[in-house]
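Peer 1: generate a structure from the sequence data that follows.
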Amino acid sequence: MNIDRKKKSSKYYFGSFSVISMLLIHLLFISNLFSQDNKNSLKILWQKDFETEPNVNFSPGAICYDEIEHRIFLLGTSYRYNKENNLTERSFFLCQMKEDGSKIKSLFLDKIQGGAAQLDTPTLFIKGLEIFPNGDILSIGPFKSYQLSIIKSTRKLSDVTLIPLFSENLKEKDIEIYKMIRLEDDILIIGLIGGGSPFANGLIARITTDGKVIWKKKFNYGKNVFFTDVAINEINRTFIVAGYSLPKETKDFFTYKPEIWILLCDFEGNIISEKIFPGRIPKICCLSSKQYIILYDRTNELVTENLSLKSLGENLTELWEKHLLTRDIFPIQFMIQPLNNNHFIAAAYTKIDSIVFYEFDEKGNQQGYLEIVQKKLLPGTLIFRCYNNKIFVCFQLIGEKGNKNIKMLGIEAIR
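Peer 2: Purely as a prediction, here's the structure:
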């Protein structure tokens, strides 16, 4: 399946370019604008840059949307170099914004109940941010001295608390969290446990918002299996977990034939069905009560043009598969999320300082395309969250003051 960049597509350019570049960009944009049907395009509604000081660097970690108050919340890290003591000062921050990206309030998490949130690890260890009906906002990560913890706040960004998770003796080397997601009034986490043993075991656990473990499941397949994504099917009271296998030795990476593991489980963590097929780095979304979509890499390369979409039914029976002939996609930096109306969004960083967004229907037919070309883009964790037909995007770039900054975008899928 060839990706069609002219059908129902839009292209946006941000940053400073030379006069010649701007002229070429303008001509290309006008040509693109009048040679396509934009009726159902993905369109940018707004874009915002974080306001920062010259010495402060910001990095995004996770984002969520409050359906009740119509607010966006962003969790990330900030750091600055202090010349006086020759130390780098680091902190987590939690920011509340309006639906148009306007900042309402920011909170730096260096002095909170339960102890200071110390940045011992980079932002990539922030694996989710969820808001609950009662207004609690939660994330999980190694927020203090590598101890896995829940960081808990409210939609008003008050009463922030740090809650240790599991036990004080169970450190980062024993458990790694790859994603957290809300499951009813609790939290579902996936990752691995026992990285120092002959093989790492897959981990799935359900915990309360106060850190109490309801159940914890270990999966030992006799090989390194990493769970990388999870989606909830609330109607069927099931969830689906996606992961893949890796070799024990790094030197075997490019000769190893990775396999993708898909597990369909009930809310108690019991396996209902499972499926294994060749590939790696699967990302998954629940499109309806009877359909799941998996976006994955068919190759084992650093840069790929071999992404695939696979559709699975209720019992993980294959409905259809389509190969996407994409260009220069970083394989570890792509995501998938459902829109309304049984559509879904697939997004990825490219090698040419851009982020691409594809909209598909439930049969895998392309419905829209948008490319954001950003000068001084820093490919990192791709962060976006969909709500109905709106997409809230967050990425990192080199700002005008030379520091690492954050840009946010609001995108709409026009019907």
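Peer 1: check the separation of the first and last residues in stretch 215-233.
Peer 2: Using Cα to Cα, to the nearest Å, one end of stretch 215-233 lies 19 Å from the other.
Peer 1: let me redo that: stretch 390-406
Peer 2: 19 Å.
Peer 1: one more: stretch 45-59?
Peer 2: Start-to-end, stretch 45-59 (Cα to Cα) is 23 Å.
Peer 1: and stretch 266-283, by the same measure?
Peer 2: 19 Å.
Peer 1: and it, what's buried?
Peer 2: By 16 or more other Cβ atoms under 10 Å, the buried positions in stretch 266-283 come out as 267, 269, 275, 277, 279, 280, 281, 282, 283. Every residue, glycine included, has its C-beta placed from N, CA and C.
Peer 1: and the residues you listed as CSV, adding secondary structure, distance to residue 135 and pLDDT?
Peer 2: Formatted as CSV, those follow (DSSP: H, G, I helix; E, B strand; the rest coil; distance: Cβ to Cβ, whole Å; pLDDT from 0 to 100):
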residue, secondary structure, distance to residue 135, pLDDT
267, coil, 23, 97
269, coil, 27, 94
275, strand, 38, 94
277, strand, 41, 92
279, coil, 40, 88
280, strand, 38, 84
281, strand, 34, 85
282, strand, 33, 91
283, strand, 29, 92
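Peer 1: now render these as CSV, adding distance to residue 353.
Peer 2: Output for the buried residues of stretch 266-283, formatted as CSV (distance: Cβ to Cβ, whole Å):
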residue, distance to residue 353
267, 43
269, 42
275, 36
277, 33
279, 27
280, 25
281, 22
282, 26
283, 22
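Peer 1: which one of those is nearest residue 407?
Peer 2: Nearest to residue 407 out of those is residue 283 (Cβ to Cβ; 22.4 Å).
Peer 1: now do the buried residues in stretch 375-385.
Peer 2: Neighbour-count burial for stretch 375-385 flags 376, 377, 379, 380, 381, 382, 383, 384, 385 (criterion: 16+ other Cβ under 10 Å).
Peer 1: just the CA trace of that stretch, in CSV.
Peer 2: C-alpha atoms of stretch 375-385 as CSV (Å, rounded to 0.1, in the frame of the first residue of the first chain):
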residue,chain,number,x,y,z
LYS,A,375,13.6,23.4,11.7
LYS,A,376,15.8,22.2,14.6
LEU,A,377,13.4,19.4,15.4
LEU,A,378,14.8,17.0,18.1
PRO,A,379,13.4,13.5,17.4
GLY,A,380,12.6,11.9,20.7
THR,A,381,9.5,10.4,22.3
LEU,A,382,6.6,11.2,20.1
ILE,A,383,3.8,12.4,22.3
PHE,A,384,0.2,13.0,21.2
ARG,A,385,-3.3,12.3,22.6
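Peer 1: okay, now the sheet partners of the host helix or strand of residue 308, with direction.
Peer 2: Per DSSP states H and E: residue 308 is located in strand 307-312. Strand pairing for strand 307-312, using DSSP bridges, gives strand 291-297 (antiparallel), strand 318-324 (antiparallel).
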